[in-house]
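1. Return a 3D structure for these sequence lines:
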Amino acid sequence: MLLLNNYLAKGHGFLVISTYLMTHALSASIANQPALSLPNPVNGTSNVIIGHCYTPASLAGVQETNPRDCREALKVLIRQPAFTTPLRFSKNLRRGIKVPRGWTAGQCIIFVSCENDRDAYTFRFADVAQNARRLIDGCVGKPDETGQWGTFKWGGVDKLLDTMTFYVSVGKPVPPSPGVGEGTVMALTGNGTMIEVEVE
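-> Take a look at the predicted model:
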């Protein structure tokens, strides 16, 4: 408690309190969401995002992450300026703020992206955080009720709001290859494609 009081006395009170309040608000907002599932084998030609937890059987090359790092990455996302402001996003810079965009901590990355280069969509970083929290709670450190995997530890993917092509993913970042720009990491998408993600 003394450490927290010292931290607050140094002017960090607003950040601590706002992060705490946002985390608890996210918990309440995801309470009524349907559970994520194990993926069904699907034809990879579709742009439709089907929410599911990753497993080594569903996503070749997927690596383990952990709940602690994913909660820290969520805190980085929650501190995003304009957290509750609706903004327009797209892979096409002429149509909106560039995606993919991500937030990392340790062995976890949360990122938002789009399945194609055409679509643009308006959402808030708070919407991304809500999906990310649901994925962390359901796909990182949660026991697998089927008993096949013991505990889910690879993350997952889910569509963002009512769009069919924008999605949020939680997983382990992949070490960047030489030539990848500073401020970016590589991440595995739900269809097994490796993409560069600009991180905050």
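
2. so what's Arg101 bridging to?
-> Here Arg101 sits in beta bridges with Val112, Glu198, going by DSSP bridges.

3. Pretty sure it sits against Val112.
-> Yes. Contact between Arg101 and Val112 holds when scored by CB atoms under 8 Å: they sit 5.8 Å apart. Using the backbone N, CA and C atoms, a C-beta is placed for each residue, glycine as well.

4. In contact with Gly141, which residues?
-> Residues in contact with Gly141, defined by CB atoms under 8 Å, 6 or more residues apart in numbering, are Asn66, Pro67, Thr151, Phe152, Lys153.

5. swap the cut-off to 10 Å and go again
-> Listed by CB atoms under 10 Å, 6 or more residues apart in numbering, the contact partners of Gly141 are Thr65, Asn66, Pro67, Arg68, Cys70, Arg71, Thr151, Phe152, Lys153.

6. Give me the more crowded residue out of Arg101 and Val112.
-> Regarding Arg101 and Val112, a neighbour count based on other CB atoms under 10 Å identifies Val112 as having more, with 25 against 19.

7. Report the separation between the more buried one and Leu135.
-> 12 Å (CB to CB, to the nearest Å).

8. center of this structure - which residue?
-> Geometric centre of the chain, nearest residue: Ile110, 2.9 Å, by CA atoms, centre = their mean.

9. now the helix or strand hosting Glu72, how far from the centre of its chain.
-> Element membership for Glu72, per DSSP states H and E: helix 67-78. Computed by CA atoms, centre = their mean, to the nearest Å, the chain-centroid distance of helix 67-78 equals 9 Å.

10. Now that helix: buried residues?
-> Residues Pro67, Asp69, Cys70, Arg71, Glu72, Ala73, Leu74, Lys75, Val76, Leu77, Ile78 are the ones in helix 67-78 that count as buried (16 or more other CB atoms under 10 Å).

11. Mind putting those into a markdown table with pLDDT?
-> Shown next, in a markdown table, are the buried residues of helix 67-78 (pLDDT from 0 to 100):
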| residue | pLDDT |
| --- | --- |
| Pro67 | 96 |
| Asp69 | 97 |
| Cys70 | 97 |
| Arg71 | 97 |
| Glu72 | 97 |
| Ala73 | 96 |
| Leu74 | 97 |
| Lys75 | 97 |
| Val76 | 96 |
| Leu77 | 96 |
| Ile78 | 96 |
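
12. How many residues are close by the nearest residue to Asn66 once chain neighbours are set aside?
-> Using CB to CB, 6 or more residues apart in numbering and skipping residues adjacent in sequence, the residue nearest Asn66 is Gln107, 6.1 Å away. Gln107 has 17 neighbours, counted by other CB under 10 Å.

13. cool, Asp117 as well?
-> Neighbours of Asp117 (other CB under 10 Å): 9.

14. Could you tell me which residues make contact with it?
-> The contact partners of Asp117, taken as CB under 10 Å, 6+ apart, are Ser90, Lys91, Asn92, Arg95.
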